[in-house]
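Colleague: after the sequence you'll find the predicted model.
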Amino acid sequence: METTVKQRRSFAWSAALGVALIAVLAGGGLFVLHRWHNRAVHEMAAQAVAERGHWVAMHLALRAAAAAEGPSSAWQDFSELLRSLREVEGDLEVVSVRRDGVTLFQEHLEARPALTDATDYSFTGPVRIGRQNLAADEGQIPVVTFTVAMASPQQEPLELELGMRRRAVEREEWAAANAVESMYRLSLATLAACFGVCLVLVVGMVRREERREQARRREEHLAFSGMVTNGIVHDFRNPMSSLRLDAQMLAKEAERGAGARPDRMGELAARMRHTLDRMEKVFQEFLVLARPGEAAAERIDLVACVRECLDMLAPRFEAVDVTPILRAEPPELYIRVSASAVKRALLNVLLNALQHAGTGGGVRVEGMQTGGRVRLDICDTGPGIPRQNRKKVFDMFFTTRPQGTGLGLFLARTAVDNNGGRLFVSDAGGAGARIRLEFPAAEKESV
């Protein structure tokens, strides 16, 4: 029982540790997902800034090319355009126009030529994206540069470089990053709440199981007390019945007067004394049942033990006209057990066989030794045991007889199990039932 309680507690705490492990794994997965989403948001923001810078650089390149062909006032308009663009795109930092390595425009120029048709211009390559630091009053400013080159049949190639502060990427990803961060915190709070609820439930289940186990143990103690009481009554009924039959036969023999047989009367009186001795040992045997570890094991002859039990039950066999048969090969089968417990088991099994054999039936006991095991088969000619009941017959209070208590075979199996043996229903190979007892063979005594 204590082992079962410990196993249940171990299982409950294992479940709690399992919940904790799942929570840790889920939290780790959530952390990785959070990092991955942040990286994805950053990449998307960078891509958005790159696309916007690409578009602005190409548009300004067209305007710069037109300004380069027009009068000097065109650069003034270009500068005003840049100032207007900076009001919309606050991260626009620097715009420079170069031709053959010579800077034609940077930040702003005073020339403002009229815009001409720029359809003759073509881009000579893709927009190049780079990074650099610009010196300013506030220190080094990191910018992302977008460089685009244009050419026309009438003019030398023109190159425009647009610089945007790197904070444009951070501002682009701010909204999405905040959304991801809020979702992450909400998920983490939900996960912590779920783990806390699971932990409380597991602890509650453990304590509830402990209370139920304590109540169950109290109920089992009461049931065991009732079983012991019923067992004492059951075991007293058997010798009392034998004692009553012997007393009746002794009375009948005494009524014969001069024709009474002294040897028969002496035999009946001896059996009655033996039965009374057996009844005196019943309480000791139940103490052995309750504390099997205190039973002293001894080397006994199982065949002799069977003969003693058959002698004790002789009145019962005579009453129903049944002659038991005992065969053993070899004639002596030694085992090391508690003699009183094994006798008690044999009495119950033999009585069970007698009750099912009925009037005029047969009971046969066969003993043998195979290897290191001693086997004893108790067979009867009764209706047999259905296959579905072959395990149930050893359960407490299971019986198929109206007057039965359902304790005989249960007590027999308990006694056999406590002495290292086995008691089970074997295949009879025909009509009737066969109940088999097996014990480890005792070692030979040293001379």
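Modeller: Nice, thanks for sending it over.
Colleague: okay, CA-based contacts and neighbour counts for the rest of this
Modeller: Will do.
Colleague: which helices and strands does the strand ranked longest in the chain pack with?
Modeller: Criterion DSSP state E: the longest strand present in the chain is strand 139-151. Under the contact criterion of 3 or more CA pairs under 8 Å, 6 or more residues apart in numbering; DSSP states H and E, strand 139-151 touches helix 2-69, strand 122-123, strand 128-136, strand 158-165.
Colleague: which is the succeeding secondary structure element to the last one?
Modeller: For strand 158-165, the following helix or strand on the C-terminal side (DSSP states H and E) is helix 167-255.
Colleague: next one: that following helix to chain centre, how far?
Modeller: 15 Å (CA atoms, centre = their mean, to the nearest Å).
Colleague: mind checking which of the helices and strands packed on strand 139-151 is nearest Asp321?
Modeller: helix 2-69 (48.6 Å; CA to CA).
Colleague: could you give the angle of the closest one to helix 167-255?
Modeller: 170 degrees (axes from the mean of the first three to the mean of the last three CA atoms, to 10 degrees).
Colleague: could you number the chain from 558 rather than 1 from now on?
Modeller: All right, first residue 558 from here; so that's helix 559-626.
Colleague: just after helix 559-626, pick out the following helix or strand.
Modeller: Counting by DSSP H and E, the element after helix 559-626 in chain order, helix or strand, is strand 630.
Colleague: kindly reformat the helices and strands packed on strand 696-708 as CSV containing mean neighbour count.
Modeller: Shown next, in CSV, are the helices and strands packed on strand 696-708 (neighbours: other CA atoms under 10 Å):
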stretch, mean neighbour count
helix 559-626, 16
strand 679-680, 16
strand 685-693, 13
strand 715-722, 24
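Colleague: out of these, which is closest to His913?
Modeller: Closest among the helices and strands packed on strand 696-708, using CA to CA: helix 559-626, at 37.4 Å.
Colleague: show me what the closest one is packed up against.
Modeller: Against helix 559-626 (3+ CA pairs under 8 Å, 6+ apart) you get helix 631-645, strand 696-708, strand 715-722, helix 724-812.
Colleague: winner for burial among these?
Modeller: strand 715-722 (a mean of 24; mean count of other CA atoms under 10 Å).
Colleague: please work out the average pLDDT along that one.
Modeller: Mean pLDDT, computed over strand 715-722, is 82.
Colleague: ok and that strand relative to strand 685-693, angle-wise?
Modeller: Going by the same axes, to 10 degrees, strand 715-722 makes 60 degrees with strand 685-693.
Colleague: and strand 715-722 with strand 696-708, angle?
Modeller: Using the same axes, to 10 degrees: strand 715-722 against strand 696-708 is 150 degrees.
Colleague: from what I can see Ala885 touches Arg932, true?
Modeller: No. Here Ala885 lies out of contact with Arg932, judged by CA atoms under 8 Å, at a distance of 9.7 Å.
Colleague: which neighbours do those two share?
Modeller: Shared contacts of Ala885 and Arg932 (CA atoms under 8 Å, 6 or more residues apart in numbering): Gly924, Met925.
Colleague: between these two, which one's more packed in?
Modeller: Ranked by neighbour count (other CA atoms under 10 Å), Ala885 and Arg932 place Arg932 first, with 21 against 16.
Colleague: torsion angles phi and psi at the more buried one?
Modeller: Here is the backbone geometry of Arg932 (degrees, to the nearest 10): phi -120, psi 140.
Colleague: what do you get for Gly919?
Modeller: According to degrees, to the nearest 10, Gly919 has phi -140, psi 140.
Colleague: I'd like to know how many residues surround it.
Modeller: Here the number of neighbours of Gly919 (other CA under 10 Å) works out to 21.
Colleague: can you check Gly928 too?
Modeller: 8.
Colleague: now swap in the one 10 residues further on and tell me
Modeller: Using other CA under 10 Å as the criterion, Thr938 is surrounded by 21 other residues.
Colleague: so it sits right up against Ala914, yeah?
Modeller: Yes. Assessed by CA under 8 Å, Thr938 is found in contact with Ala914 at 5.1 Å.
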